[in-house]
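1. Would you be able to build a 3D model of this:
(one chain, ligands or ions: 1)
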Amino acid sequence: MTQPLVIDNLFKQYGEKTAVNGVSLDVKEGEIYGLLGGNGAGKTTTMRMVLGIIYPDGGRIQYHGKEYSSELQHGMGYLPEERGLYPKVKVSDQINYLARLRGMSAKDADKSLRYWLDRFEVPEYYDKKIEELSKGNQQKMGFIAAVVHRPKILILDEAFSGLDPVNVEILKSTVKELRDNGTSILFSTHRMEHVEELCQRITILHRSNPVLQGNIREIKQRYPREQIVLNTIGEVTGIEKIQGVQSVEKRERGYLIHINNVAAAKEILNMAMQQSEVEHFEIKEPTLNQIFIQEVGESNE
Ligand SMILES: Nc1ncnc2c1ncn2[C@@H]1O[C@H](COP(=O)(O)OP(=O)(O)OP(=O)(O)O)[C@@H](O)[C@H]1O
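-> The predicted model follows:
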């Protein structure tokens, strides 16, 4: 079976500025692939090349084994980071028009739009102009515009930005459902917890270069486990004296301990058990955000 999306050694230059330098990745059917990077890393440029909005200066993109052609637009959906809908046009006029541009009949387009408005519990937005909606609700309409024509490949650039926590959950479950129905999703975000929840594979870009790539589980295993969460009933003293312990922070229910040698973990546990009752002991794997900071030298969030 050919892959829905294969990007091979993609390259893009704006004058002297290299925006994307040798990005390769593939998105499988029914996968949400995470594209991460700080501001200006090259995520949007990569996505726009995939969508055929701009042309690569080098490299190759294949869609189900084929080169780009304009008909492929019918099978692709895009939620841009910046709002993509016209403020003064009604939701129904605009989204139905976009759906028809992507090959749907007027009847199917309207049915699909109404389905999505009901799904987000806002059927009354059908007749509203975009500018009449709040920022978060405009984002939802942008999402509907991206999925109304049932694309096989979906590109989501900061899909959850501007949404309140309830709406983030609603959109997240929708994205998971689209994945489970076979959609291939290329997903960019600054929020690492979303990536940890939604994606199995990622690429981290830094100043146009891919600096880290692969399966999140495997990536995490390559980084040392340097944090211990210890919750005890009573106080434990002397942890900082154990060799390999770098710092001990008192937390509400215990301690957060930084180590630079995993052998210290056993000694910490022994000491804690001698002095108190241990409620919880965990050697934590690094978070994706910690790995990101280590690779890129700054937080993504
Ligand atoms: N049309 C353009 N002309 C000139 N330079 C551009 C253009 N579009 C992007 N760039 C430059 O290319 C680099 C990558 O930009 P891009 O928008 O792809 O980053 P990004 O990872 O999406 O960032 P952000 O998280 O801030 O949206 C940046 O340095 C940007 O200034």
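2. SS state for Met104?
-> coil (DSSP: H, G, I helix; E, B strand; the rest coil).
3. can you map out the helices along the stretch 51-200 of the chain?
-> Per DSSP state H, counting those that start in this stretch, the stretch 51-200 of the chain carries helices over the ranges 91-101, 106-119, 135-147, 165-180, 192-198.
4. For the ligand, find the nearest of those helices.
-> helix 192-198 (13.7 Å; C-beta to the nearest ligand atom). Where C-beta positions appear, they are placed from N, C-alpha and C, glycine not excepted.
5. Just confirm yes or no for that closest one near the ligand.
-> No: shown here: helix 192-198 not in contact with the ligand (C-beta under 6 Å from any ligand atom), separated by at least 13.7 Å.
6. and that helix, what other elements does it pack with?
-> With contacts defined as 3 or more C-beta pairs under 8 Å, 6 or more residues apart in numbering; DSSP states H and E, helix 192-198 has these neighbours: strand 32-37, helix 165-180, helix 288-296.
7. contact partners of the shortest one?
-> So that's strand 32-37. Contact with strand 32-37 is made by 25, 27, 43, 46-47, 175-176, 179, 184-190, 192, 195, 198-206, 292, 296, 300, as judged by C-beta atoms under 8 Å, 6 or more residues apart in numbering.
8. One more: stretch 125-143?
-> With contact meaning C-beta under 8 Å, 6+ apart, stretch 125-143 is reached by 79-80, 83-92, 94-95, 113-114, 117, 120, 122, 159, 161-164, 167, 171, 174.
9. With just CA atoms, put stretch 115-128 into CSV.
-> Output in CSV follows, covering the C-alpha atoms of stretch 115-128 (Å, rounded to 0.1, in the frame of the first residue of the first chain):
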residue,chain,number,x,y,z
TYR,A,115,-23.7,17.9,10.3
TRP,A,116,-20.6,19.7,11.6
LEU,A,117,-22.5,22.7,13.0
ASP,A,118,-24.8,20.2,14.9
ARG,A,119,-21.7,18.3,16.0
PHE,A,120,-20.3,21.4,17.5
GLU,A,121,-23.7,22.3,18.9
VAL,A,122,-23.9,25.6,17.0
PRO,A,123,-26.5,25.1,14.2
GLU,A,124,-27.5,28.8,14.5
TYR,A,125,-24.1,29.8,13.1
TYR,A,126,-25.3,28.7,9.7
ASP,A,127,-26.6,32.2,8.9
LYS,A,128,-24.0,34.2,10.9
